[in-house]
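Asks: please find the sequence and the predicted model below.
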Amino acid sequence: MKQIKSYATKYFKFIFLTFAVAIVPLVSGCDPSNTGYIVNLEIWGIKDDSTVYNEIINQYKNINPYAGDIKYRKFSESTYKQELLDALASGNGPDIFMINNAWLPSFQSKIEAAPALLASELDLRNNFPDSVASDFIADKVVYALPLAMDSMVLYYNKDMFNAAGITEPPKTWQEFDSAVEKLTMVDSVGNIIRAGAAIGTAQNVNMSSDLLSLLMMQHGVQFPTDKNMRAKFDEGVLGPDGTVVQAGERALAYYTKFSRVSDSGNVANKLYTWNSRQKDSLEAFSEGTVGMMFSYYSRYDDIKSKNPKLNFGVAPVPQFDSNKPITLANYWGYAVSKNKIASTQTVGQQPSAPVTNGIRTHEAWQFLRFLTLKNTGKVKLYNAITRNSGEFAINFDPALEYLKKTNLPAARRDLIELQKMDPVLSVFSQGNLIAKNWYQKDPDSVVKIMKTTIEAVNRGELTLHEALVLAKNRVNSSN
């Protein structure tokens, strides 16, 4: 009996080893002169702690025998971009790095596009909101993939709304005007005691350049969407009634009217609610001295930490046309560095195949495919050398795991659906579906241009038209 049991044990061991030896060439494409390769990956990003990725990395390494050490390094957002540029220029940067959705035009030459078998245009369009394809596809190839997204929303003080008899956040800009008028308190000499909303100026309004861009988009201003287009901030567009309207001027006039003490003819402006003497809008809102502000989910925890007792809510941004709702996208994606000084790894005691740049970038994109795209309970892995593939069963969704750890608004469409019932995240994740962005070769310059435009109008230095012509020329020059 013991002999039969011993024989059976040896037999099954033999079968298992035979299967293992057979499956390795299928997945790895190894031959007698090539014992395989191991690729270590380093990821750079902001905000996330490395613990967020631990389980994701463990699950990936369980199914990919050629994945080596995968490490995440966290940077300060204020210094990240420059440190990243310096590292990429030296050839010693990360294998994978996070880029803002406005950065692709300026980073495209530094990024290795995804092989079509790992991430295609169709994959992107099927998995994510439309903005992602606009932001991270160029020349019909994929340059980055997101795990989470963020879109502009309205933050509002619930206690102020209740005291003013405002029962719900404004859905239209007309309702927004009405709320501003009810919330604002100005003394007899024109000092703002309580601001209805933080809007109208440039330097002390959080994301003022984004808010102006959003208003211009909602009015129908034509923004460039690729390198072959030019900004047309000052040009007329066809309105709903078939007449030509100066959409850019209307949007800029609307934005700046909240900082004007009086209208034409020195008539008191009932919507005057904000000026350059106010505190930064994020600080003012956290202190409870302004009723509304506009920002992203990235500021939600900041407000909570500054004032845990503040009774506030979030709502979709107001719209001019509820049939064509638009908000602005501001989020991060993961990209693969094009060039890096190669290293040689080992497999056990045996030398591996040289880790060429092609192998490195393939394995980096293979990890990003696993990390971000929806799987069906199976993950297909491709060998970097032969492109042979193998499928592995897995009961794990890396993107869902990431969102559970970070509590961020979802990027993937199916995960946006799961966040519909969350009273906070749903506002942002649903906003992601209607979020847009525009082509900016130099986003930092664009921020300065938009702020300069606002300030020039507020100081009376330029007319609306003159300010927009100057802004258009500067943006087109930087693009």
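Replies: Yep, that arrived.
Asks: could you use CA atoms for every contact and neighbour count after this?
Replies: OK.
Asks: show the secondary-structure elements that whatever helix or strand F370 lives in is packed against.
Replies: Counting by DSSP states H and E, the element that carries F370 is helix 357-372. Here helix 357-372 touches strand 39-46, helix 51-63, strand 332-336, strand 378-382, helix 398-406, going by 3 or more C-alpha pairs under 8 Å, 6 or more residues apart in numbering; DSSP states H and E.
Asks: so of the ones you listed, which one's packed in deepest?
Replies: Of all the helices and strands packed on helix 357-372, strand 332-336 has the most neighbours on average by mean count of other C-alpha atoms under 10 Å, namely a mean of 26.
Asks: packing partners for it?
Replies: Strand 332-336 is packed against strand 96-100, helix 357-372, with contacts defined by 3+ C-alpha pairs under 8 Å, 6+ apart.
Asks: ok, back up a step: pLDDT averaged over the helix holding F370 - what is it?
Replies: Here the mean pLDDT over helix 357-372 is 96, rounded to a whole number.
Asks: quick check: angle from it to strand 332-336?
Replies: Relative orientation of helix 357-372 and strand 332-336, computed by axes from the mean of the first three to the mean of the last three C-alpha atoms, to 10 degrees: 150 degrees.
Asks: buried stuff in helix 357-372?
Replies: 357, 359-372 (16 or more other C-alpha atoms under 10 Å).
Asks: out of these, the closest to V141 would be?
Replies: Distances from V141 to those, taken as C-alpha to C-alpha, are shortest for W365 (12.9 Å).
Asks: so what's that closest one up against?
Replies: Neighbouring residues of W365 by C-alpha atoms under 8 Å, 6 or more residues apart in numbering: 114-115, 118-119, 336.
Asks: just the buried ones from these, in ChimeraX syntax?
Replies: Buried subset of those, written as a ChimeraX selection, criterion 16+ other C-alpha under 10 Å:
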select :114,118,119,336
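Asks: closest one of the contacts of W365 to T406?
Replies: The shortest distance between T406 and any of the contacts of W365, using C-alpha to C-alpha, involves V336 and amounts to 22.3 Å.
Asks: who touches that closest one in this structure?
Replies: Applying C-alpha under 8 Å, 6+ apart, we find V336 in contact with 95-97, 111-113, 143-144, 361, 364-365.
Asks: wait, what's in contact with the nearest residue to K171 once chain neighbours are set aside?
Replies: In space, and not counting its chain neighbours, K171 is closest to P318: 4.6 Å by C-alpha to C-alpha, 6 or more residues apart in numbering. If you count contacts by C-alpha under 8 Å, 6+ apart, P318 has them with 154, 170-173, 176.
Asks: how close does P318 sit to L154?
Replies: With distances defined as C-alpha to C-alpha, to the nearest Å, the gap from P318 to L154 amounts to 8 Å.
Asks: returning to what we had before: let me have the contacts of W365 in CSV, extended by pLDDT, distance to K74 and secondary structure.
Replies: Formatted as CSV, the contacts of W365 follow (pLDDT from 0 to 100; distance: C-alpha to C-alpha, whole Å; DSSP: H, G, I helix; E, B strand; the rest coil):
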residue, pLDDT, distance to K74, secondary structure
A114, 98, 24, coil
P115, 96, 27, coil
L118, 97, 26, coil
A119, 97, 25, coil
V336, 98, 16, strand
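Asks: of the contacts of W365, which is the nearest to Y272?
Replies: Scanning the contacts of W365 for proximity to Y272, where the rule is C-alpha to C-alpha, the winner is V336, at 47.8 Å.
Asks: bridge partners for that closest one, pull those for me.
Replies: I96 (DSSP bridges).
Asks: thinking again about what came up before, among the helices and strands packed on helix 357-372, which is nearest D69?
Replies: It is, among the helices and strands packed on helix 357-372 and with distance given as C-alpha to C-alpha, strand 39-46, at 4.7 Å.
Asks: what's in contact with that closest one?
Replies: Contact partners of strand 39-46, identified using C-alpha under 8 Å, 6+ apart, comprise 66-77, 80, 94-98, 345, 355, 359-360, 363-364.
Asks: ok so, going back, tabulate the helices and strands packed on helix 357-372 (JSON lines), appending distance to R230.
Replies: Output for the helices and strands packed on helix 357-372, formatted as JSON lines (distance: least, C-alpha to C-alpha, whole Å):
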{"stretch": "strand 39-46", "distance to R230": "31"}
{"stretch": "helix 51-63", "distance to R230": "40"}
{"stretch": "strand 332-336", "distance to R230": "25"}
{"stretch": "strand 378-382", "distance to R230": "41"}
{"stretch": "helix 398-406", "distance to R230": "36"}
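Asks: what's the closest of those to V205?
Replies: Comparison of those against V205 by C-alpha to C-alpha identifies strand 332-336 as nearest, at 22.2 Å.
Asks: give me the distance between that closest one and the centre of its chain.
Replies: 10 Å (C-alpha atoms, centre = their mean, to the nearest Å).
Asks: angle of that strand against strand 39-46?
Replies: 150 degrees.
Asks: relative to strand 96-100, how tilted is strand 332-336?
Replies: Taking the same axes, to 10 degrees, one finds that strand 332-336 is oriented at 140 degrees with respect to strand 96-100.
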